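Peer 1: make a model of this:
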Amino acid sequence: MVDEGVIPDQITLASSLTSCIGESSLPDGKWLHCFVCICGFDSDGVVGTALLNMYGKCNSMEDAWRVFNKLPERDVVCWNAMIAVCGQNGYGHWSLALLRQMGMANLAPNKITFISLLDACANEAAIEEGRLLHSWLLQHEIESEHIIGAALVNFYGKCGYLEDAQRMFQKLPLRSLSSWTAIITTYSQRGLGRESLCLFKQMMEEDLVPNEITFVSLLSSCSYAGMTETAWQILYMMQQYYGVTAKSEHFDCLIDLLGRAGLLIQAYMLIDKMPFHPGANTWMAFLGSCKLHNNNHQAIISAEHALEVDSSSAAPYVLLSNIYSTICCEEGSAVFATVEDFVEHDDHDFVVDS
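Peer 2: Just a heads-up that it's a prediction; the model follows:
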């Protein structure tokens, strides 16, 4: 398009930025950012919000803050994007700080704002902050709206408050697919696999069509409960009856299930037969299983694969150091040094320009 002399508009550029996901896509995202500046759209609200989301998905918080602070005008959509980016990257306290900054800028939060804030609290298990948000939603009588209700079910579930999640789910006058998926996920995360499947059957009785996220929760339930045969049946049903294509998240659940059961050869064969290149999460799931069953040789190989995909993650280094420590390998010293360098890397505090 550019080679033919056609200059893309804001919508085209914003759409292109959505394709950059993960740290491996960061160079492409930065190239697009440079092109945005050349085209003179770096101050545009739509493009600016797309840049925020892109840097958030690429785990580059410093760049996200830089874009946010440079935007001359920030509407609610822009603030919501920054709140969501902070929450998704493990900085829920920044999300809450942004809510206060939003009030100082005389902007009223909307439903999307509170969904992002509840997700941020859920990711950090910030139960007190989440309860305060819940109280505010009750006062403004929007607690039972289905998208808010689903976010509350998800919040209580992720924080480990099963009874609160159940109570919130039962209160919903209209139970959408997202609220059903949230309660199924809650049971799954508590290791209640059979109960998750019962909820799924109840959901089907209401003629709701499950999506890929619902199936991730179901497969995860099978993994926690050790239901290998049921997991394969769910995968078959997902693809054959509902036309949902299996993605890395679905395969990761199966690999984790096989690994927990000690079927390491089958898990490795599944990784090898995946229709796409395995990501860091896939190798980490297999690595955890290898460590669980004391297969140190395969664990080391898995960690090396994980580091090839994402060298910035601390988790493979930590697991490797533990393995080397256990088997007293001389090579372990190099791993410890790398972990030490990683942990001692300077943190950065970011302040929102007013």
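
Peer 1: could you point out the helix or strand that follows the strand or helix carrying Leu132?
Peer 2: In the assignment (DSSP states H and E), Leu132 maps to helix 127-139. Proceeding N to C from helix 127-139, the next assigned helix or strand is helix 146-158, under DSSP H and E.

Peer 1: can you tell me what sits against that following helix?
Peer 2: With CB atoms under 8 Å, 6 or more residues apart in numbering as the test, helix 146-158 has contacts from 111, 114-115, 118-119, 121-123, 125, 130, 134, 137, 142-143, 162, 164-165, 168-169, 171-172, 174-176, 178-179, 181-183, 185-186, 189. C-betas here are computed from N, CA, C, even on glycine.

Peer 1: hmm, back to that, determine the set of other helices and strands touching the helix holding Leu132.
Peer 2: Judged by 3 or more CB pairs under 8 Å, 6 or more residues apart in numbering; DSSP states H and E, helix 127-139 is in contact with helix 111-123, helix 146-158.

Peer 1: select, out of those, the one closest to Gly56.
Peer 2: Of all these, helix 111-123 sits nearest to Gly56, with 11.2 Å by CB to CB.

Peer 1: would you mind listing the buried residues in that closest one?
Peer 2: Within helix 111-123, the residues scored as buried using 16 or more other CB atoms under 10 Å are Ile112, Thr113, Phe114, Ile115, Ser116, Leu117, Leu118, Asp119, Ala120, Cys121, Ala122, Asn123.

Peer 1: got any ranges where this structure has weak pLDDT?
Peer 2: Residue ranges of the chain with pLDDT under 70: 1-7, 312, 326-354.

Peer 1: list the buried residues for stretch 240-253?
Peer 2: Residues Val244, Ala246, Ser248, Glu249, His250, Phe251, Asp252, Cys253 are the ones in stretch 240-253 that count as buried (16+ other CB under 10 Å).

Peer 1: show me those residues that map onto strands.
Peer 2: Among the buried residues of stretch 240-253, no residue falls in strands (DSSP state E).

Peer 1: could you work out the most separated pair of those residues?
Peer 2: The span of the buried residues of stretch 240-253, defined through CB to CB, is set by Val244 and Asp252 at 15.4 Å.

Peer 1: from Thr228, how far off is Leu258?
Peer 2: Per CB to CB, to the nearest Å, Leu258 is found 7 Å from Thr228.

Peer 1: neighbour count: the two, which is higher?
Peer 2: Neighbours per residue (other CB atoms under 10 Å) separate Leu258 from Thr228, with Leu258 holding more: 24 against 17.

Peer 1: what are the phi and psi angles of that one?
Peer 2: phi -60, psi -40 (degrees, to the nearest 10).

Peer 1: now do the same contact list for the residue nearest to it when sequence neighbours are not counted.
Peer 2: Computed as CB to CB, 6 or more residues apart in numbering, the closest residue to Leu258 that is not its neighbour in sequence is Ala267, at 3.9 Å. Each residue near Ala267 by CB under 8 Å, 6+ apart is listed here: Ile255, Leu258, Gly259, Phe286, Ser289.

Peer 1: is the first one in contact with Trp283, as I believe?
Peer 2: No - in this structure, Ile255 sits apart from Trp283 without contact. The criterion is CB atoms under 8 Å, and the distance is 9.2 Å.

Peer 1: more neighbours, those two?
Peer 2: Ile255 (29 against 24).

Peer 1: where does the more buried one fall, secondary structure wise?
Peer 2: Here Ile255 is assigned to helix 248-260, by DSSP H and E.

Peer 1: next structured bit after that helix?
Peer 2: helix 264-273.

Peer 1: and the angle for that following helix with helix 248-260?
Peer 2: 160 degrees (axes from the mean of the first three to the mean of the last three CA atoms, to 10 degrees).

Peer 1: got a list of contacts for stretch 8-23?
Peer 2: 1-2, 25-26, 28-29, 32, 35-36, 39, 41, 44, 46-47, 49-51, 53-54, 57-60, 279, 310, 312.

Peer 1: re the thing from before, just the buried residues of the contacts of helix 146-158.
Peer 2: Buried among these (16+ other CB under 10 Å): 114-115, 118-119, 121-123, 130, 134, 137, 143, 162, 164-165, 168-169, 172, 175-176, 178-179, 181-183, 185-186, 189.

Peer 1: on that earlier part again, where's the residue nearest to Leu258 relative to Ser188, distance?
Peer 2: Distance, Ala267 to Ser188, by CB to CB: 20 Å.

Peer 1: kindly report the same for Gly259.
Peer 2: 17 Å.

Peer 1: kindly report the same for Asn69.
Peer 2: Going from Asn69 to Ser188 by CB to CB gives 39 Å.

Peer 1: my guess is Gly48 contacts Asn69. True?
Peer 2: No - Gly48 is beyond contact range of Asn69, at 10.7 Å (criterion: CB under 8 Å).

Peer 1: which outside residues touch the helix or strand harbouring Asp63?
Peer 2: Assessed by DSSP H and E, Asp63 sits inside helix 61-70. Residues from elsewhere that reach helix 61-70 (CB under 8 Å, 6+ apart): 30, 33, 42-43, 48, 51-52, 55-56, 74, 78, 82, 85-86, 89, 91, 348, 350, 352-353.

Peer 1: assign Gly90 to helix, strand or coil.
Peer 2: Remark: Gly90 carries the secondary structure label coil [criterion: DSSP: H, G, I helix; E, B strand; the rest coil].

Peer 1: next, give phi and psi for it.
Peer 2: The phi/psi pair for Gly90 (degrees, to the nearest 10) is phi 80, psi 20.
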